[in-house]
Each structure stands twice: as structure tokens, then as C-alpha cells.
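> Sequence and predicted structure below; questions after.
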Amino acid sequence: MQFLLENRDAIRNEPCGLCGQLMSAPAGVQLLLSGSSAPVCPDCGRKHAPSLAALAHLAEAAMRIGRIHRHSVFPPLTALLDLANAAEKYAQATQSLSDCGL
Ligand SMILES: [Zn+2]
């Protein structure tokens with residue numbers, strides 16, 4: 001299975017390309033199945049492409065902070081913690097890949 005990240009500009013309600021669960025994907029960076037362009041739900045993403053799923057989550061958190069930052073100088077602490085948390089998960093996901101020798 002191959003995956004790709006795509007920046008989509010609209011909300012889509014589609015079934016996950018792997019498990020068939022209906023998902024509402026917000027606009028932004030999304031994990032897709034290469035070839036069919038079907039979206040991949042967070043659960044399947046974590047299972048089959050952990051580093052890409054973590055990267056998509058990190059991009060989503062960063063975009064949310066960017067939007068908030070446009071309207072106020074100091075984003076709320078919870079948004080900053082979300083971003084830090086997403087960054088840590090991405091670092092862990094890529095670390096476990098390098099542990100496997102990939
Ligand atoms: Zn799924």
C-alpha cells in the first residue's frame with residue numbers, strides 16, 4: 001500500500017479507503033491512498049502509515065495555530081499544547097521508523 005499527503009481545500013465526507021468507515025475530513029493536509037485518492041481515517045493512518053499520519057496531524061495543528069495567530073497576538077495555550085503534542089507524535093513516529101531500519 002502506498003500513501004500520499006494532499007492539501008485539499010474543501011471538507012469532504014467520504015468512506016475511509018481501507019476500513020470503509022464514513023469520515024468527515026476537514027480542509028487541509030490529508031492522508032490519501034495512492035492511486036484511488038480515497039481518504040484514510042486516523043485509525044488506519046496510525047496503523048499503516050504512522051509517520052505520514054503524524055505529519056498530517058502536525059500540519060493540521062500548525063494551520064490551526066496560524067489561523068488563530070492572524071486574529072490575536074497570543075494563541076491560546078491549549079492550541080500551542082496541541083501543536084507541541086502533534087510535533088512530539090511526529091518525532092516519535094519517525095523515530096520508530098528509523099528504529100526499524102527504514
Ligand atoms: Zn480506516
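Nice, thanks for sending it over.
> Could you check which helix or strand contains the residue positioned nearest the centre of the chain?
Nearest to the mean C-alpha position of the chain, by Cα atoms, centre = their mean, lies Ala56 at 2.3 Å. In this assignment (DSSP states H and E), Ala56 forms part of helix 50-71.
> and the residue nearest to the centre of the chain, how far is that from Phe74?
Applying Cβ to Cβ, to the nearest Å, the value for Ala56 to Phe74 is 26 Å. Yep, even glycine has a C-beta here, placed from its N, CA and C like the rest.
> Same question for Met1.
In terms of Cβ to Cβ, Met1 sits 42 Å off from Phe74.
> Ser36 too?
42 Å.
> what sits up against stretch 3-14?
Stretch 3-14 has contacts (Cβ atoms under 8 Å, 6 or more residues apart in numbering) with 22-34, 37-40, 45, 48-49, 52, 55-56, 59.
> I'd say Ala25 and Pro39 touch.
Yes. If you go by Cβ atoms under 8 Å, Ala25 and Pro39 touch, sitting 5.0 Å apart.
> how about low-confidence regions in this protein?
97-102 (pLDDT under 70).
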